[in-house]
Each structure stands twice: as C-alpha cells, then as structure tokens.
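1. Starting from these lines, generate the structure:
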Amino acid sequence: MRRRASASIAASPVLVGAVTLLVAIVAIFLSYNANAGLPFVPTYDLEVRVPNAANLVKGNEVRIGGARVGVIDEIEAVPSDDGNATARLSMKLDEDLDPLPVDSTFLIRPRSALGLKYVELTPGTARAGFPAGSTVPVSQATPPPVEIDEVFNTFDQPTRTGAQRSLNGFGEGFAGRGQSLNQAIEQLNPLLEDLEPVARNLSDPETRLDRIFRELGDAAGEVAPVAEQQAALFVNLDTTFASLATVARPFLQQTISESPPTLGVGAVEFPKQRPFLRNTTALNRELRPGIRTLPAAAPVLADALEFGTRTLPRTPRFNRDLADVFDSLAEFAEEPLVGRGISRLTDTVSSLRPTIAFLTPVQTTCNYVTLWFRNISSLLSEGDANGTNQRFIIIPTPQGPNNEGGPSSAPADGPTPENHLHSNPYPNTASPGQERECEGGNEDYIVGQTTLGNVPGNQGTQTSGQDGPSLAGAGARP
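-> All right, here's what the predicted structure looks like:
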C-alpha cells in the first residue's frame with residue numbers, strides 16, 4: 001500500500017508542480033530578503049544616530065574588523081537637538097553582540113571606489129551595554145568621515161592656480177642660486193650649535209627673562225608723563241642748532257681757531273689751577289673729533305631736529321600704547337608655559353641636528369633639492385594645448401618569468417636581456433655613513449643583468465647645475 005501511495009504522488013503532475021512552485025516561492029522570498037537577514041533568525045536590534053548617512057542604502061553591511069555582523073534595516077532623517085539634520089540607522093546585528101558596550105563607535109566607510117559604503121563597528125571596553133532597541137547617540141559616530149569628493153574639492157581652481165604659481169616661483173627663485181643655498185645650509189649646523197646654549201640660558205629660571213619685559217613696561221610708563229617735555233626739548237634744540245648754523249662760519253670757526261693760542265696763554269697763567277686745567281685738557285682732547293665735524297654736521301642736525309618737532313608731539317599716545325604692549329609681554333613672560341616652551345624648542349633644535357647633518361649633503365654635495373624644484377615647476381606649469389608636461393602613457397613590460405607586468409615570486413632575472421629588474425630604493429647621497437657619491441640619476445643602466453640596491457663603483461658627485469670639474473664616472477644622466 002505504501003508503494004502505491006508513493007507512486008501515486010510521483011505520478012501526479014499537479015502535485016509535483018505545486019511542490020516545485022512552493023520551493024521556488026520560498027527561494028525567491030529568501031533571496032529577496034537576504035540583505036535584511038534570514039527570517040526566523042533572532043537578531044540584536046539597535047538604532048544609531050549619525051551626522052550624515054553618506055550614501056548608505058538599506059541593506060548595507062555592518063562589519064567588525066572586516067567580518068559582517070549585521071545589516072542596515074532602515075534609514076531615516078531626523079532633526080537633532082540643535083536643529084541640524086541627522087540620520088537614524090536601524091541595524092539588525094548578530095545576537096551574540098548583545099549587549100554592545102556603551103563606548104562603542106560607528107564609522108561610515110567606503111567599500112569600493114564606486115561609492116558603495118558600509119558601517120564599521122568598533123566595540124568598546126565598557127562593562128555597561130546598550131539593551132536591544134536602544135538608540136546610540138550621535139556622539140558615538142566618530143571620527144567624522146572624510147568623503148573623496150571633499151578631498152577633491154580642496155583642489156579648486158584658485159588652489160590649483162596658487163600651487164602652480166608657487167611652484168613656478170620656487171623654480172625661478174632657486175634657479176642659479178644653488179651655491180648660495182648650499183652655503184646657507186652649511187651654516188645651519190653652526191647656527192644650531194650656537195643657538196642651543198643661548199636657548200638654554202634663556203629658559204633657565206635664574207635668567208629671569210620675565211623681568212626685562214616688566215622693566216621695559218615700567219620704563220615706558222615713566223617716560224609717558226614727560227613726553228610733552230621731551231618734545232619741547234627737541235623743539236628748543238632745533239631753535240638752538242638753527243641759530244648756531246647761521247653763525248658757524250666764520251664766527252664759530254674763528255672761535256675754534258683762536259682757542260689754541262688762548263689755551264696756551266692760560267697754561268702760563270693758570271699754574272695754580274693745575275688740577276682744573278688737567279681735567280679741562282682731557283675734556284677738550286675728547287671733544288676735538290666731535291668739534292671738528294660740527295660745522296659740517298650742524299645743517300644735518302638742524303634738519304633732523306626739524307623733522308623731530310613733527311614726530312615728537314605724536315609720541316605721548318605711542319608711549320601709552322607701548323606701555324600696554326610691554327605689560328602684555330610681561331604677563332606673557334610670567335606664564336609657566338613660556339619657559340617650558342623654550343625648553344621644548346631647545347630639545348627640538350638638539351634633535352634636529354642629526355637630521356640636518358644627514359640631509360645637508362643631499363643639497364650641498366648633490367644639489368638634489370634645487371633640481372627637484374627646478375624640474376617640478378616646469379612639469380606642472382609648462383606644456384601645450386593637450387596639457388602639461390606631466391602625462392602618463394602605458395609602457396609595455398618585457399615578457400619572461402617574474403616580469404613586472406604582474407605579481408611575481410622573485411625579481412625578474414632573464415632570460416631575455418630586457419627582462420631584468422633594476423631597482424635602487426636608497427641611492428647614496430654622500431650622507432654620513434654612505435659612500436661619497438651622488439648615485440641618484442647617475443647610475444649606469446646595466447643591460448642584461450639584474451641590479452638591486454647600489455650599483456657597483458663610485459658614480460661621482462657631479463649633478464646638473466653644479467660648478468667645478470666632474471669626478472671620474474660622474475655626470476648627470478637622464
């Protein structure tokens with residue numbers, strides 16, 4: 001009887017078709033709802049507030065460390081407490097994440113260059129967790145994502161024009177000044193050596209650097225009340241020197257000429273006043289150079305005093321403002337962070353010495369910095385109707401084992417003469433610990449031989465734009 005029942009079911013086309021249709025409907029239903037999770041599978045539901053949904057769509061994945069742990073079920077725009085628009089994401093997460101620590105963060109990240117996004121979940125370490133159905137605040141959506149269009153928008157037309165002009169200006173500014181730049185760089189090391197003890201003394205609390213600004217402020221405050229008297233003094237000096245200028249010749253000149261005979265007579269008549277005359281003689285001896293130049297300098301001094309009468313009436317307000325400036329400087333110098341900042345500057349100067357010692361030969365010996373600015377300026381600023389000189393073309397790679405056209409297990413090493421890898425990521429630049437040579441741009445291309453790292457021999461120190469004879473084997477090669 002069982003065999004007959006089975007045979008009757010299989011023999012019924014209607015029943016077989018109904019079963020097939022039911023299976024197809026279930027498969028279509030499961031496929032259509034695959035992005036929202038499988039039915040009858042328990043999930044851990046959360047709502048997350050983010051500043052911007054950033055091209056997310058329903059069904060995008062939620063991942064932890066690259067592994068999918070849930071999907072986005074709904075996306076809804078909601079206003080925030082401050083009136084700005086935010087987005088609320090309804091998520092269906094795996095049940096084993098329940099409860100998610102309250103210090104967990106959410107970040108919207110790109111999944112591909114075509115605009116597909118996903119939500120990256122970084123679980124926290126807090127003991128407390130979000131119960132199912134909770135809403136994660138917008139403060140947990142950190143850090144703010146940076147979209148690729150925002151990066152591109154920074155290079156707008158004014159920025160591109162400014163960068164082009166800057167590079168062109170640097171290229172023209174450094175052209176022909178390599179020797180001067182070399183000398184300036186060579187002087188940096190002695191400058192830093194001298195600056196280190198100076199900065200150390202200034203940062204020493206015993207130096208009391210703050211007192212100089214306080215005292216300067218006090219001095220300006222004391223001068224401010226008598227600024228009017230100082231102005232009147234210069235006005236009177238102008239009147240005096242103007243009067244002297246009118247009688248300098250011949251009257252003052254004759255007086256000066258007659259002074260030596262008069263002093264001779266006085267030397268005879270004043271033996272009893274020897275101490276006084278001794279002091280007077282010393283005074284006159286010191287005044288002779290100034291008196292000798294006074295006839296020629298009197299008109300210049302008169303002009304200077306005339307201009308001073310116009311300037312000094314403006315000094316009271318300037319002195320008052322200057323007093324405020326020095327008071328502010330005194331307060332700044334009294335800040336504890338000022339001394340600590342100078343100490344940090346001293347440490348920075350000390351730590352830069354090895355770096356500058358290593359980078360100095362790159363320019364002073366090999367002229368690489370000047371060459372880079374010279375070439376990059378023309379690369380991005382010069383060209384023709386088709387664009388600038390920076391163009392990209394596809395260069396076919398040679399064929400053979402481990403060629404550069406795709407992934408390889410070892411450097412390309414033949415058998416054809418063209419299929420050889422030539423790579424020197426760290427060429428010698430005459431820096432400390434390296435051979436004295438400018439290897440970058442001077443290496444010989446050895447045909448039919450794989451060359452990795454520094455090429456054999458010394459390539460010399462002669463590069464484009466340098467003066468002086470070239471060494472053996474040197475010379476800039478394109």
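2. So what touches the lengthiest strand in the chain?
-> For the chain, the longest strand by residue count, based on DSSP state E, is strand 67-79. The contact list for strand 67-79 (CB atoms under 8 Å, 6 or more residues apart in numbering) reads 35-37, 43-45, 49, 53, 56-63, 85-94, 97, 119, 121. Every residue, glycine included, has its C-beta placed from N, CA and C.
3. How about stretch 312-326?
-> 213-214, 216-217, 220-221, 223-224, 227-228, 230-231, 234-235.
4. separation between the nearest residue to Ser343 once chain neighbours are set aside and Arg310?
-> If the residues on either side of it in the chain are set aside, Ser343 comes closest to Ser203, at 4.8 Å by CB to CB, 6 or more residues apart in numbering. Separation of Ser203 from Arg310 (CB to CB, to the nearest Å): 43 Å.
5. can you check Pro411 too?
-> Counting by CB to CB, the gap from Pro411 to Arg310 is 80 Å.
6. Also Thr280?
-> With CB to CB as the criterion, Thr280 and Arg310 are 39 Å apart.
7. Looking at the two, which has the bigger crowd around it?
-> Thr280 (14 against 8; other CB atoms under 10 Å).
8. could you point out which element follows the longest strand of the chain?
-> On the C-terminal side of strand 67-79, the closest following helix or strand by DSSP states H and E is strand 85-94.
9. which residues sit against that next one?
-> Residues contacting strand 85-94 (CB under 8 Å, 6+ apart): 36-37, 43-53, 56, 62, 69-80, 100, 119, 121, 135, 138.
10. Spell out which strands sit alongside that strand in the sheet and which way each one runs.
-> The pairing partners recorded for strand 85-94 under DSSP bridges are strand 43-50 (antiparallel), strand 67-79 (antiparallel).
11. Which of these sits closest to Arg292?
-> strand 43-50 (85.8 Å; CB to CB).
12. Figure out how far that closest one is from the centre of its chain.
-> From the chain centre to the centre of strand 43-50 is a distance of 40 Å (CA atoms, centre = their mean, to the nearest Å).
13. Put the alpha carbons of it into PDB.
-> The C-alpha coordinates for strand 43-50 follow below in PDB (Å, rounded to 0.1, in the frame of the first residue of the first chain):
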ATOM      1  CA  THR A  43      18.800  39.500  15.800                       C
ATOM      2  CA  TYR A  44      20.100  42.200  18.100                       C
ATOM      3  CA  ASP A  45      18.400  45.400  17.000                       C
ATOM      4  CA  LEU A  46      19.900  48.900  17.600                       C
ATOM      5  CA  GLU A  47      19.300  52.400  16.300                       C
ATOM      6  CA  VAL A  48      22.300  54.500  15.700                       C
ATOM      7  CA  ARG A  49      22.300  58.300  15.100                       C
ATOM      8  CA  VAL A  50      25.000  59.600  12.700                       C
END
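14. And for it, what's in contact with it?
-> Strand 43-50 is contacted by residues 37, 70, 73, 78, 80, 86-98, 100, 106, 108, 119, 130, 132-138, 140-141 when judged by CB under 8 Å, 6+ apart.
15. now stretch 233-245
-> Under the contact criterion CB under 8 Å, 6+ apart, stretch 233-245 has outside partners Leu252, Ala298, Pro299, Leu301, Ala302, Leu305, Glu306, Gly308, Thr309, Leu312.
16. Could you report the neighbour count for Asn319?
-> By the criterion of other CB under 10 Å, Asn319 has 19 neighbours.
17. does it sit in a helix, a strand or a coil?
-> At Asn319 the chain is in helix, as set by DSSP: H, G, I helix; E, B strand; the rest coil.
18. Also Arg200?
-> helix.
19. Give me the spatial nearest neighbour of it, chain neighbours excluded.
-> Thr346 is the one closest to Arg200 (CB to CB, 6+ apart), at 5.7 Å.
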